[in-house]
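Enquirer: Give me a model of this one.
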Amino acid sequence: MPPKVIRFEVRLAGYKGYRREEILSAASKPEPQRSRLLRKIREEVRQSLKQNISIYREVARELHAYRKAHAGEPVPNCSDSVHTAMSLKYAHIYNDFAHLDLLGSLPQQVDLFDLL
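Expert: Sure thing, here's the model as predicted:
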């Protein structure tokens, strides 16, 4: 599944990710602590997503080669390590997108100087 489809699934499900409480806790802090924490979390999630998508593509190539090598077998073996790796990377990407969507949905703090 392409990453865009995974992100669409996250949005449809309304899932907020396993870091939901951490993100909401950071969002409830006073400024400037709030912005600093949210920027830090957003950067961590972006780096994680970038790394996970890169590995996901590698595993997808391995899965393609695996399927090609085992084509025509009567009962496919879905418990090999390539399947586990694919499902884990999918879950990681799913959570990363959920975290980014939650971060994006938080109201932005307006700087008082922006009003001048």
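Enquirer: Please name the residues that touch Glu60.
Expert: Just to correct that, residue 60 is Ala rather than Glu. Each residue near Ala60 by C-beta atoms under 8 Å, 6 or more residues apart in numbering is listed here: Met86. Glycine gets a C-beta too; all of them are placed from N, C-alpha and C.
Enquirer: pLDDT score for it?
Expert: pLDDT for Ala60: 96.
Enquirer: Specify the local secondary structure of it.
Expert: With DSSP: H, G, I helix; E, B strand; the rest coil as the basis, the three-state label of Ala60 is helix.
Enquirer: buried set for stretch 91-100?
Expert: For stretch 91-100, a neighbour-count test (16 or more other C-beta atoms under 10 Å) marks 92-100 as buried.
Enquirer: typed the wrong thing, it's stretch 34-49
Expert: Applying a neighbour-count criterion of 16+ other C-beta under 10 Å, one finds 37-38, 41, 45, 48-49 buried in stretch 34-49.
Enquirer: Kindly report the same for stretch 70-86.
Expert: 82, 85-86.
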